[in-house]
Structures are given as C-alpha cells and as structure tokens.
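Engineer: Fold the following.
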Amino acid sequence: MSSKHEDRDEEVRGIIREQYGKIAKQGGSCCCSSSCCGTPPADAVATVVGYSNEDLAGLPAGANMGLSCGNPTAFASLKPGEVVLDLGSGGGFDVFIAARKVGASGRAIGVDMTPDMLDKARRHALSFQKETGLSNVEFRLGEIEHLPVADSSVDVVISNCVINLSPDKPQVWREIARVLKPGGRVSVSDLALLQPLPDAVRESVQALVGCIAGAVLVEQTREMIRSAGLIEDALEAKSEYIAQMSEWSDPLYQEIAASLPSGTKPNDYVTSLYITAHRLL
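Structural biologist: Below is the predicted model:
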C-alpha cells in the first residue's frame, strides 16, 4: 500500500510528464512552462545563460527549446572519448553539444521520462548524425530517480534545469553517485532558492512546471550532494538569468512577482545555480 508521500510524488511526476509532453508537441517554451511559449526566443535564452554561437551552430532545428537556466557543458570540461549522461534531456539540446565535444570515441546519453520528448530527441538524432557523421548519441526513457544506466559507467553527469523538478531530489543525487565512475564528475545548472518562497508561489502548478516551485535552498542542495557520497567542488549562484527573465516580462515571472512581498523581485528569491562535484577515485 502506497503512502501519501509516494502518492504525492507520483502526482508531481504526472503533472511534469503531462506539461512537458505539451511543450514537446508545441515545439518549445521559454521558461519550462507552456504558458510562455515564444517569449523570449530560445536562442536568446541560451545566450543569456552562457551558450556561445559555436555551441548553437549546426544543432538540429528545434533541439534548443529554451528550457535552459545555465550551460552545464561549458564547465564540464568534456574530453574526447568520455561517456556523458544528461538527466532530463528534453529535445536533446545539451546531448548534441556534448556529443560534439566527446567525439566519435565518446558517447552522449540522454534520459527523459516524457515519451513525447524522447520521440522528439530521437528524430533530432537522425538529423544530427546526417549533419555531423557522429553516431555517438542515445536517448533512453526513464526517471532520473531510477536511471536506466549501469553502475560506474559514466564519466560525466550533466543536467540543465531539471533536478529541481524531481519530488525526490536526494534519490536523484544518489543515482548520480551510483552511475559515475570513480573520479567521475558532475556539472549541473539548476534553479535554487536564496530564501524560502511564499506559499502562493510554492503551490502554483505553473511555477512547479516552470522549475521554480520545486527548487530548494542552496544549502539543502549542498547537503544532498554530500549525503550521496559526492565531493562538492563549487556551488555558484548566478542571478543574472532570473533578472533577465523578469526584464523580458516573461509571463511566469510576472505571475511570481505578483505573489511576492512588496518591494521584492523574483531574483531576490531564485537563482540559477552552477554545481560541480565529483566522485572519489
């Protein structure tokens, strides 16, 4: 018999799966929420959070869906021949960038729990192979709390604005530790809290799908990393992304701002967090 906690976790996964399925069919979204499609453009989001023109060049059309809150491939220091795993790979954006960096002797694997996203990514993979000649990309259906990946088989785990969506984040970090090879690295961009959110924002479905309501405090993230047995290298808060989304009058951030105490802004509460860690040899 399932507990109320387990039922709630499955309810959250169901909401995320349904909403991201809609995003896949619509062709992308600016802020992880179906309420804000098309504003701002996906490439503008990518540029703000650290992707270069070289990163964006030559990607399959539609792979960049504007769902980023950082560029984990930029600080992952990927090397030819490495095996890279992307948690919550969506349309394959970061997987394709990683695949070019690790080259023909390496491998880039994406895991996503949304079948529509997986279908989209696999279609993109066909055009990626034709364009680059690389056949080093693979997409697997699965939850990031239960990765369909063998123990100690991955050199680098990356993820971009996804772990905050999980209802069981400590389990995600345990899974990351499990699949990493000894000495393996973690490079994650995520949203995190600088201070607790008001209840009205926390309880918003749109804020949940938009990666806000599920975010936890920076210090909680640090504790989950350590409890999983990983060594934290750096947690770097970057609030510029949140400030920019607010300036763009993004609908989700307008909704959040309306629920905040007078005189405060979304970036007083939420930050993009760059996380690097590793597993001991």
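Engineer: Stretch 226-240 spans what distance, first to last residue?
Structural biologist: 27 Å (C-alpha to C-alpha, to the nearest Å).
Engineer: Which residue ranges of the chain form strands?
Structural biologist: 83-87, 107-112, 137-141, 154-160, 180-193, 231-238, 270-278 (DSSP state E).
Engineer: can you pull the buried residues of the fifth one?
Structural biologist: Think strand 180-193. 180-181, 184-193 (16 or more other C-beta atoms under 10 Å). Where C-beta positions appear, they are placed from N, C-alpha and C, glycine not excepted.
Engineer: now that strand and strand 231-238, what's the angle there?
Structural biologist: 30 degrees (axes from the mean of the first three to the mean of the last three C-alpha atoms, to 10 degrees).
Engineer: Counting by contacts, list what strand 180-193 packs against.
Structural biologist: strand 154-160, helix 218-227, strand 270-278 (3 or more C-beta pairs under 8 Å, 6 or more residues apart in numbering; DSSP states H and E).
Engineer: Tell me the gap between that strand and the middle of its chain.
Structural biologist: 11 Å (C-alpha atoms, centre = their mean, to the nearest Å).
Engineer: next one: the first one
Structural biologist: Taking the mean C-alpha point of strand 83-87 and that of its whole chain, the gap between them comes to 12 Å (C-alpha atoms, centre = their mean).
Engineer: if I look at the nearest residue to I242 once chain neighbours are set aside, how far off is S105?
Structural biologist: The spatial neighbour of I242 that comes closest, neighbours along the chain excluded (C-beta to C-beta, 6 or more residues apart in numbering), is N267 at 3.9 Å. Between N267 and S105 the computed distance is 41 Å (C-beta to C-beta, to the nearest Å).
Engineer: circling back: mind putting the strands of the chain in CSV, distance to P167 included?
Structural biologist: As requested, the strands of the chain are exported to CSV (distance: least, C-beta to C-beta, whole Å):
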stretch, distance to P167
strand 83-87, 15
strand 107-112, 16
strand 137-141, 19
strand 154-160, 16
strand 180-193, 15
strand 231-238, 22
strand 270-278, 19
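Engineer: Quick check: the two most widely separated of the buried residues of strand 180-193?
Structural biologist: K181 and L193 (31.4 Å; C-beta to C-beta).
Engineer: Please point out which parts of stretch 19-27 sit buried.
Structural biologist: 19-21, 23-24.
Engineer: What of stretch 218-235?
Structural biologist: Here stretch 218-235 shows 218, 221-222, 224-225, 228, 230, 232, 235 as buried, counting by 16+ other C-beta under 10 Å.
Engineer: the more surrounded of N267 and S105?
Structural biologist: Between N267 and S105, counting by other C-beta atoms under 10 Å, N267 is the more crowded of the two (18 against 10).
Engineer: I'd say that one and Q244 touch.
Structural biologist: No - taking contacts as C-beta atoms under 8 Å, N267 lies outside contact range of Q244: 9.1 Å.
Engineer: quick one: low-confidence ranges for the stretch 151-281 of the chain?
Structural biologist: Low-confidence segments of the stretch 151-281 of the chain (pLDDT under 70): 201-213, 245-253.
Engineer: Could you report the distance from Y51 to G183?
Structural biologist: Distance from Y51 to G183, by C-beta to C-beta: 27 Å.
Engineer: before we move on, the earlier item: in CSV: the helices and strands packed on strand 180-193, plus distance to N71.
Structural biologist: Listed next are these as CSV, based on distance: least, C-beta to C-beta, whole Å:
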stretch, distance to N71
strand 154-160, 8
helix 218-227, 18
strand 270-278, 9
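Engineer: so which of those gets nearest Q171?
Structural biologist: helix 218-227 (9.4 Å).
Engineer: returning to that earlier point: of the buried residues of stretch 19-27, closest to S259?
Structural biologist: Among these, and counting by C-beta to C-beta, the member closest to S259 is Q19, at 19.5 Å.
Engineer: Select, out of the strands of the chain, the one closest to R123.
Structural biologist: It's strand 137-141; of the strands of the chain, that one is closest to R123 (C-beta to C-beta) at 10.1 Å.
Engineer: How many residues are close by D112?
Structural biologist: Neighbour number of D112 under other C-beta under 10 Å is 28.
Engineer: what's the closest non-adjacent residue to it?
Structural biologist: Closest to D112 by C-beta to C-beta, 6+ apart is S89, at 5.0 Å.
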